[in-house]
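Participant: sharing a model prediction with you, sequence too.
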Amino acid sequence: MIWRKNTASSEGETNTAKRVLVIQLGGLGQFVLALAAAKRIREAHIGARITLLTTETTKDLAEKAPYFDTVEADGKPTEPQAITKLIARIRAAKYDMIYDLEGSNRTNNYFQGMRPWPPKWSGPIAGASHAFLNPDRNEMHVLDRYAGQLAAAGLGDEPLMPELSWLRTVLRDPPRLKPDYFGIRGDYVVLLPRGSDAEANRRWPEAKYVDLAMRIANNGVTPVVIGGPDERAIGAAVAKEVPRAKNLVTRPDLFQCIGLFERAAFVVGDDVEMMHVAAAAGAPCITFLSALNHPERTAPRGRSGVVALTAAVIADLPVEQVERQLRNCGVFRQAATA
């Protein structure tokens, strides 16, 4: 059950705000989920000036999003003097409403620093004007938590779903966002491995990625490996053993990755931040999750669906199970008839 502030005036109070601050200081995956909440906030405050307080990690994507008028990327100062200055800046801006989508000890400190007269504040903080204090909130998926928080602020209680379909329009769909730019022709499946230095219960092994890539290629579909520096070894191993594969590790930027996700037949991989991006971009996804880490609370969500394959040790998930899932979803049939 979602706790909410049940007052008739709540919606009117928030919707008349002219200066709004949204705070989200998490990583890329968390930020993409928070964009679903930001969309609802923008819809509720159509004429308001909305500022986002975030970090450098998500600044580039935030500046493209149609939900914010201003993006400030210094939301996580470490020095006491810098923290004091940030609190003073927030106070001086005289925001009519603040949506704390971070909900951490840090943002609680920001709130406490503005007492005894803090601005109207939506978040999991006792004493906030629009507090979301559901005792089970830490057991909820972050999207459900955001939905409950916004309901408590009078912004409706419909489920939230992340989506990045606006990005192609904002960037005017240039050639660099398309598979052809990387020499990819026809159907392809993106593989998102986790680096080999991760614990065994949190990653699928390199050998299984190579095996899966070979099976995908043998069915007429191109495997495409995407990752950062930690995934270089896996990308190289796949490319060596599977001539049809495309090793794009460290090559595409974030926006190019989103473009590739949008057009992929499927995205398959570990529970990495980019899996949340892929789901939000509209790709159907298969993700590997540890059964010990509450997959119902951590699985990506997206409009095209996410299949979560779970095991106590992710390395134990068989390649055959993943291949069967792709086949059942029609990936190989589509390639055969193309």
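Facilitator: Structure's in. What do you need?
Participant: drop to CA atoms for contacts and neighbour counts, all remaining ones
Facilitator: Fine.
Participant: which residues of the stretch 151-300 of the chain fall in strands?
Facilitator: Listed in chain order, the strands of the stretch 151-300 of the chain (DSSP state E, counting those that start in this stretch) span 188-192, 222-225, 246-247, 266-270, 285-290.
Participant: okay, those in a markdown table with mean pLDDT, mean neighbour count and distance to Ala147 next?
Facilitator: What follows is the strands of the stretch 151-300 of the chain, written out as a markdown table (pLDDT from 0 to 100; neighbours: other C-alpha atoms under 10 Å; distance: least, C-alpha to C-alpha, whole Å):
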| stretch | mean pLDDT | mean neighbour count | distance to Ala147 |
| --- | --- | --- | --- |
| strand 188-192 | 98 | 26 | 28 |
| strand 222-225 | 98 | 27 | 34 |
| strand 246-247 | 98 | 22 | 38 |
| strand 266-270 | 97 | 24 | 26 |
| strand 285-290 | 96 | 25 | 23 |
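Participant: export the ones you listed to TSV and append columns for distance to Lys76.
Facilitator: Formatted as TSV, the strands of the stretch 151-300 of the chain follow (distance: least, C-alpha to C-alpha, whole Å):
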stretch	distance to Lys76
strand 188-192	29
strand 222-225	32
strand 246-247	35
strand 266-270	28
strand 285-290	29
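Participant: and Ala36, which of those strands is closest to it?
Facilitator: strand 285-290 (18.5 Å; C-alpha to C-alpha).
Participant: tilt between that closest one and strand 188-192?
Facilitator: 20 degrees (axes from the mean of the first three to the mean of the last three C-alpha atoms, to 10 degrees).
Participant: compare the strands of the stretch 151-300 of the chain and report which one is nearest to Gly154.
Facilitator: strand 285-290 (32.8 Å).
Participant: quick check: can you name the pairing partners of the closest one and their directions?
Facilitator: Using DSSP bridges, strand 285-290 pairs in its sheet with strand 266-270 (parallel), strand 306-311 (parallel).
Participant: okay, now Pro318: neighbour count?
Facilitator: 12 (other C-alpha atoms under 10 Å).
Participant: got a pLDDT number for it?
Facilitator: Pro318 carries a pLDDT score of 97 in this model.
Participant: now it: phi and psi?
Facilitator: Backbone torsions for Pro318, taken as degrees, to the nearest 10, come to phi -80, psi 150.
Participant: let me see the contact set for it.
Facilitator: Pro318 sits next to Lys208 when contact means C-alpha atoms under 8 Å, 6 or more residues apart in numbering.
Participant: give me the secondary structure label for the residue lying farthest from the centre of the chain.
Facilitator: Computed with C-alpha atoms, centre = their mean, the residue of the chain farthest from its C-alpha average is Pro116, at 34.9 Å. Under DSSP: H, G, I helix; E, B strand; the rest coil, the three-state class of Pro116 is coil.
Participant: and it, how far from Phe182?
Facilitator: Taking C-alpha to C-alpha, to the nearest Å as the measure, Pro116 falls 56 Å from Phe182.
Participant: can you confirm Val20 is in a helix?
Facilitator: No: counting by three-state DSSP, Val20 is located in no helix; its state is strand.
Participant: quick check: it vs Gln321, distance?
Facilitator: 47 Å.
Participant: have a look at the two and say which one is more surrounded.
Facilitator: Between Val20 and Gln321, counted using other C-alpha under 10 Å, the more crowded position is Val20 (24 against 11).
Participant: and that one, what does it touch?
Facilitator: 48-51, 95-99.
Participant: mind checking how far the residue nearest to Ala153 when sequence neighbours are not counted is from Asp271?
Facilitator: The shortest distance from Ala153 to any non-neighbouring residue, by C-alpha to C-alpha, 6 or more residues apart in numbering, is to His130 (5.4 Å). His130 is 33 Å from Asp271, where distance means C-alpha to C-alpha.
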